[in-house]
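Enquirer: just to be clear, the model below is a prediction. Sequence and coordinates:
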Amino acid sequence: MIAFLQSLIDGVTIGSAYALLALGFTLIFGVLRRLNLAYGSSILVGAFAGAAVFAQWKAGGWAVAAATLAAAVAAGVYVERLCFWAMRKGAAIASMVSSFAVWMQLEEFLALLFPGRTLSFPPLVERSVFELGPFQFRTEYVAMLAIAAALVAALEWTMRATRFGLAVRAVTEHPEAARAMGVPVARIAFWAFVLASAIGGAAAYLMASAEEQVTLHSGMQLTFTGLIAMMIGGIGSPRGAVVGGLVLGVVETLAQAHFGAAAREIAAFGLLFLLLVLRPGGLLAQDFAVREAAALRRV
Amino acid sequence: MLRLERVARRFGGIEAVKDLDLDVPAGVRLGLIGPNGSGKTTVLNLISGVLAPDDGAIRLDGARIDGLPAHRFARLGIARTFQNLRLVAHMTVRENVWLAQHTLPAPRAARVEDLLAALGLAAWRDTPVSALPLPQQRRVELARALAREPKVLLLDEPAGGMTPAETREMCDLVARLVPAETALVVVEHKLDLVAKLCPRIAVLDFGRKIAEGAPGEVLNDAKVMEVYFGRGRGDA
Amino acid sequence: MNDYVISVLANIGMFSFLALSAYLLLITGEISFGQQAFFAIGAYASGIATALWGLPFALALVVGAAAGGTAAGLVGLLTLRTRGLYFAMATLAFAELVRLGLQQWVYVRQIEGEPVGPNGVDGFRGIRYVFENNIAPGEFLSIIAGLLAAVLLGFALVERGRLGSLLRLVGADPLLAETQGVNVKAVKVCAAAAAGVVAALGGCLFAHLNTYVEPRNFDIMLGVHSLAYGLIGGLGTAVGPLLGVLIDVGLLESVRVFQGYRMIVFGGLVALLLVFMPRGILDETRLRWLGARLRGRRHAPA
């Protein structure tokens, strides 16, 4: 029982970072109705930039974080301009495939710049463990959870209390109506993309600092983790993204605890497949998202 | 031939169709009118099997067909057109009409050609439908529906978006080309078309049938007038 | 023909199967990122058939095709209610599950003192049919070509006949298809199974030409590439996906000089191309236009 609860706690912690990834995906899908397959690699660019800054100048957490976010946003803008903004309306699948192409581009770009393929990343806080009753808490994980929770709250506030957030929600709900109301849809989409890249950059930072390294392979992992978490929770729903991230984190942790490391991925994809077969919309599916996703079949 | 018995259909909290009884024997032409939102399109969707009723029964030649998948409805002889036109844009006129024949055991090229000729579409046989003007596109829909030689034909606003002259032409075509034994249900807003084409009219309002009978009676019925024109417009 | 050219042509041939498999599903309106799963199933099943069960190659093809087709049909059935984007993700999830599953699966037997068979992460070594039967690469290439030609013939026949426009109707407007009497669900499952067979055939050839396969061969990259081939080359005809394969492999070879830049160039080209031609080079509209021009504008619109 204790072990189970411990896994639960660990799962929720890592799940909070997953939730951030899922939020980024959801944000982009919400305003653009398209899936950005280059998400993981674009934020990986951020993580590598942060690692480079660390390696070059032995800089502290803030500088590394700043570099990570800036580079993630820059890469995100590149993806947005080439794969999404430039595409005609309705070419949703083409955008997806295009973003996949750019994913490959970015990975190769990183491989060329960093032939070592793995760089070390500074940890968030000094590694230490503290105990609370029968449970162990790793300080860096707690820090990660706290930061992630704060970011989610900040995002929620942005969506609820700012004009930008209102515009984003309007575009997400009904782009045509928003356009008719004078909302500059393309510009909002751009800034939502920037925000999503920043969130993703933060997630990448958190995950890289937990591992204390970044590897090239992470790009695929980041993309699919975010994707699966978003799909579990329900496309287009920010709440769903958070729930999905947490659920995924817990399921992965439990699977690893009982069946070993290999079971993590199997559990993640197995859960996704099962959900998609049984409840195609995801756990907290939004109406518009189900309709849109069904409509997305038009190439 | 076609019978709806106490059919009801809900969408969330809204009762789109409520307690509806309709009887359309072979050869009868029934017009279905009513203000927007009265459930006319839902009724057509129910009769063509696109939607299943929540209550009640739909019978074809006495046998219940509600609950069957839509393609079974089609195979049993129910054909329809769509209010918003469902044509495959990049296919030609001929190919679009041919689509109807796909699932018939013995597709007949001759029939397609006859229909195209009868509807004045022969010259456009090989033109992509997207290049045609609206009245011609509606004729293609009609041709496609007729190509199946259906027992029951459902027309959803066959004159939608057409000028009075075009409407008269469409009315003529339907009157001439729909075989006598077919049960025909026409949903339309244009009352003159419905009155000319259909010896019997049913009026829906908020999902319920409020009147049924010959055009003369129905269109002068007080309830119907109220629904269309509101209260207080009657003679003092 | 030297070995290098043979191997390039062989790759073009084998990846064409995958491209055609994804294309078939695209026609019926479904985006699949997971055809590599059936490629893998075909590879492993046929490998087991020859290397472990001693069956002749022709029979191995049948075994592989049957395995791939059945699995694909099953997935098609399971995902009937799953639409559009969700379907795409489901296929991706399934393919990853297959890959991860193969990483765990061990089915090794001692054949003539050597361990032969799928060995988890280490892959499946010893698919030595071509060595044992003295089939030179050039000969095998002609087998690939022959099989591909047969599959293409099948596609051509389907496209010209009623079945072709029926499939495209299901893809373009399933509701309309239903009201014309088409059992859309049945069509989709059958198309999925057929696509699985095509992919599996490619997998059989892949396994036997390379004599060794590992789960890593069948990753998401392969799947998205297969999809991309159809999208780049165009969905108007089966030649489209082939064109896509040619462009990719052709580019790979011509950019060989700049070793590490292939993805950057290819990726950028794909992205740019899709901006201007979202339905690919040979899409339906362009194809009709081309057809009209070739027929001397006899049937072109007024």
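Expert: Sure thing, it's come through.

Enquirer: CA only for contacts and neighbour counts going forward, please
Expert: OK.

Enquirer: for the residue lying closest to B:K223 once chain neighbours are set aside, phi and psi?
Expert: Spatially, and ignoring its direct neighbours in sequence, B:K223 is nearest to B:I210 (7.4 Å; CA to CA, 6 or more residues apart in numbering or on different chains). With angles defined as degrees, to the nearest 10, B:I210 sits at phi -110, psi -10.

Enquirer: show me what contacts B:I210?
Expert: For B:I210, the set of contacting residues under the criterion of CA atoms under 8 Å, 6 or more residues apart in numbering or on different chains consists of B:202-204, B:223-224.

Enquirer: ranking those residues by neighbours, who comes first?
Expert: Ranked by neighbour count (other CA atoms under 10 Å in any protein chain shown), those have B:L204 at the top, with 26 neighbours.

Enquirer: report the beta-bridge partners for the residue nearest the centre of chain B.
Expert: In chain B, the C-alpha closest to the average C-alpha coordinate belongs to B:L155, at a distance of 2.0 Å (CA atoms, centre = their mean). The bridge-partner assignment for B:L155, based on DSSP bridges, gives B:V186.

Enquirer: name the element C:G42 belongs to?
Expert: Per DSSP states H and E: C:G42 is located in helix C:36-47.

Enquirer: show the average pLDDT along the very next helix or strand once past that helix.
Expert: Counting by DSSP H and E, the element after helix C:36-47 in chain order, helix or strand, is helix C:57-78. Across helix C:57-78, the average pLDDT comes to 95.

Enquirer: next: stretch A:261-273.
Expert: 89.

Enquirer: contacts for that stretch?
Expert: For stretch A:261-273, the external contacting residues (CA under 8 Å, 6+ apart) are A:228, A:231-232, A:248, A:251-253, A:255-256, C:89-90, C:93-94, C:96-97, C:100-101.

Enquirer: swap in stretch B:218-234?
Expert: Under the criterion CA under 8 Å, 6+ apart, residues B:34-35, B:201-203, B:205, B:210-212 lie in contact with stretch B:218-234.

Enquirer: again, but for stretch C:178-186
Expert: Contacts with stretch C:178-186, where a contact means CA under 8 Å, 6+ apart, come from B:48, B:50, B:70-75, B:79-80, B:99-103, C:80, C:170, C:174, C:177.

Enquirer: got the buried residues for that stretch?
Expert: Taking 16 or more other CA atoms under 10 Å in any protein chain shown as the basis for neighbour counts, the residues of stretch C:178-186 that come out buried are C:178-185.

Enquirer: residue 120: neighbour count?
Expert: The chain I'm using is chain A. Residues contacting A:S120 under the criterion other CA under 10 Å number 18.

Enquirer: not quite, go with chain C.
Expert: By other CA under 10 Å, 19 other residues sit near C:G120.

Enquirer: now it: how far from chain B?
Expert: Remark: distance between C:G120 and chain B (CA to the nearest CA, to the nearest Å) = 44 Å.

Enquirer: now C:I41
Expert: 34 Å.

Enquirer: same thing with A:G11?
Expert: Relative to chain B, A:G11 is positioned 37 Å away (CA to the nearest CA).

Enquirer: who's in contact with that residue?
Expert: Under the criterion of CA under 8 Å, 6+ apart, the contact partners of A:G11 comprise A:246-254.

Enquirer: and what of B:A89?
Expert: Applying CA under 8 Å, 6+ apart to B:A89 gives the contacts B:128-130.
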